[in-house]
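In: okay, sequence plus prediction incoming.
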Amino acid sequence: MDCIFCKIVAGEIPAYKVYEDEKFLAFLDIRPLTRGNSLVVPKDHHRWVYDVPDFGDYFEVAKRVALASQRAFHAEWVCFLTMGLEVPHAHIRVIPRYSDDLHEELITIDIHEQFSDEEMNNIADMIKDALI
């Protein structure tokens with residue numbers, strides 16, 4: 001299968017991982033909408049979020065990543081997007097929100113922030129450290 005998220009799960013493509021268990025993986029979006037923007041994916045390929053078995057567990061992982069991001073960066077709130085159009089593999093976008101981020105009240109998915117490789121590694125480490 002030629003799915004970029006499956007390749008990340010398989011370790012064929014590097015990622016800034018923030019969470020991993022036997023069923024799910026979370027990693028920083030390489031085109032972050034805000035600082036700490038992560039993607040939570042099932043390790044098994046499913047096209048849509050609602051196709052994922054253990055749907056509740058899936059959202060619990062997204063919640064854990066969201067709360068860790070909020071703690072790590074003092075985000076005011078966290079948004080979740082599940083449009084699923086960009087990559088044909090289920091993914092929940094976890095988007096910490098800040099009063100000074102580049103977005104209005106609603107997220108604009110074509111407005112991205114840029115961070116260096118070192119900054120991305122630091123952001124990932126901060127989220128991992130804040131996981132409870």
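Out: Done, it's in.
In: now Leu39: how far from Ser99?
Out: Per C-beta to C-beta, to the nearest Å, Leu39 is found 24 Å from Ser99. C-beta: built from backbone N, CA, C; applies to glycine.
In: how about the strands in this protein?
Out: Here the chain has its strands, by DSSP state E, at 17-20, 24-28, 38-42, 77-81, 92-97.
In: turn these into JSON lines, including mean pLDDT, distance to Val61 and mean neighbour count.
Out: Listed next are the strands of the chain as JSON lines, based on pLDDT from 0 to 100; distance: least, C-beta to C-beta, whole Å; neighbours: other C-beta atoms under 10 Å:
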{"stretch": "strand 17-20", "mean pLDDT": "98", "distance to Val61": "7", "mean neighbour count": "19"}
{"stretch": "strand 24-28", "mean pLDDT": "98", "distance to Val61": "5", "mean neighbour count": "23"}
{"stretch": "strand 38-42", "mean pLDDT": "98", "distance to Val61": "6", "mean neighbour count": "26"}
{"stretch": "strand 77-81", "mean pLDDT": "95", "distance to Val61": "12", "mean neighbour count": "16"}
{"stretch": "strand 92-97", "mean pLDDT": "96", "distance to Val61": "8", "mean neighbour count": "24"}
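In: of the ones you listed, which is nearest Ile8?
Out: strand 24-28 (6.5 Å; C-beta to C-beta).
In: can you name every helix or strand that that closest one contacts?
Out: With contacts taken as 3 or more C-beta pairs under 8 Å, 6 or more residues apart in numbering; DSSP states H and E, strand 24-28 sits against helix 4-9, strand 17-20, strand 38-42, helix 55-73, helix 117-130.
In: right, so the ones you listed: which one is the most enclosed?
Out: strand 38-42 (a mean of 26; mean count of other C-beta atoms under 10 Å).
In: mind giving me the packing neighbours of it?
Out: If contacts are counted by 3+ C-beta pairs under 8 Å, 6+ apart, strand 38-42 sits against helix 4-9, strand 17-20, strand 24-28, helix 55-73, strand 92-97.
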